[in-house]
Every structure is written in structure tokens, then in C-alpha cells.
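Asker: Fold the stuff below for me.
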Amino acid sequence: MAWRSGNGELDVGLAESGLGVLLEACDRAVEELGSAVPPAQLRALLIIDSGGSLNLSRLAGLLGASASAVSRLLDRMQTAGLVSRDRAAASRREIAVVPTETGRRLAGWVRGRRCAALGSLLAAMTAEGGAALARGLGELADAGPEAG
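Answerer: Numbers count the residues shown, from 1 in each chain. Below you'll find the predicted structure:
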């Protein structure tokens, strides 16, 4: 399977097909959550857990949503016991969003399930292909969430 066309450009369509397989595997890995934690809350939780402590405007930027929409999302997440809002240490006027112990455990469980799913996909690939994918995904992670 060639990843580059005759003129040397990357085949984005083929990469998108592979991304679809990867996303489907990640979705299946956590499907037992069902509707207990909606996808928007899960996405926000993983960002908050990775960031450690974020203010509302930073989280809204990372989610690509308005501050008011993220505030309502956080209300639901706080009611579910996934996050708490505390005064930031650096500024008493700023509110920091942090995961609760329940939120941290759930984020860890999700990451573990996704890692297992990714491991299965990488194991099904050639050693060269798996190494290239892992390296490429690492580059995406290094670029940070703003890259997307």
C-alpha cells in the first residue's frame, strides 16, 4: 500500500481510512461506558486530566467551544462527580478545573483501554508500519492539542 502518490504527496485519503479504523477501535474499547459518560464529557475529562488544572477559558480553547457551553458541560461533569472547581493558587479570582479521584480513575481506565486497543492494531501491522504509526502519533502528541 503506497502512502505517497506518484508526485510524492501523502495520500490523505488512505491516511483518513486508517484513522477511521483507529478511531473505531478506540470507540469500541470504551463502549461499555454506554451513555453513562457522554462523549463530550469524556473528551473534556481526558483533556482536564492531562492538563492537571485548567481554567475555563483555556479548556474552552482546547475543546473549541464557547466558555458558556463549557461552563454548562462542567456543571454536568461536577454533578456526576468527575471534576471540581477550585480557586487557582496563582490567582484567587481564577477558577481552576481539576479532576476528582473518580474522574482520574475513569480517565486512567479509558487510556488503558485505548492503549490496549492501539496495541492490538499495532501488533496486526508489519513491524515497519507499526513503528512508523507509533512514531507519527508521537509527533502528533508532541505538537499538542493546538495542532489539531
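
Asker: contacts and neighbour counts: CA atoms only from here.
Answerer: Will do.

Asker: what's the pLDDT at T102?
Answerer: T102 carries a pLDDT value of 96.

Asker: For it, give its distance to G13.
Answerer: 39 Å (CA to CA, to the nearest Å).

Asker: Also T126?
Answerer: Counting by CA to CA - T126 and G13 are separated by 20 Å.

Asker: now do N55
Answerer: Distance from N55 to G13, by CA to CA: 37 Å.

Asker: and the two? which has more neighbours close in?
Answerer: Between N55 and G13, N55 has the larger neighbour count (other CA atoms under 10 Å), namely 17 against 10.

Asker: Correct me if wrong: the more buried one contacts V98.
Answerer: No. Using CA atoms under 8 Å as the test, N55 is too far from V98 to be in contact (9.0 Å).

Asker: mind listing the strands for this structure?
Answerer: With DSSP state E, the ranges of strands along the chain come out as 54-55, 83-87, 95-99.

Asker: Dump those strands to JSON lines, plus distance to G20 and mean pLDDT.
Answerer: Putting the strands of the chain into JSON lines (distance: least, CA to CA, whole Å; pLDDT from 0 to 100) gives the following:
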{"stretch": "strand 54-55", "distance to G20": "30", "mean pLDDT": "87"}
{"stretch": "strand 83-87", "distance to G20": "30", "mean pLDDT": "87"}
{"stretch": "strand 95-99", "distance to G20": "29", "mean pLDDT": "90"}
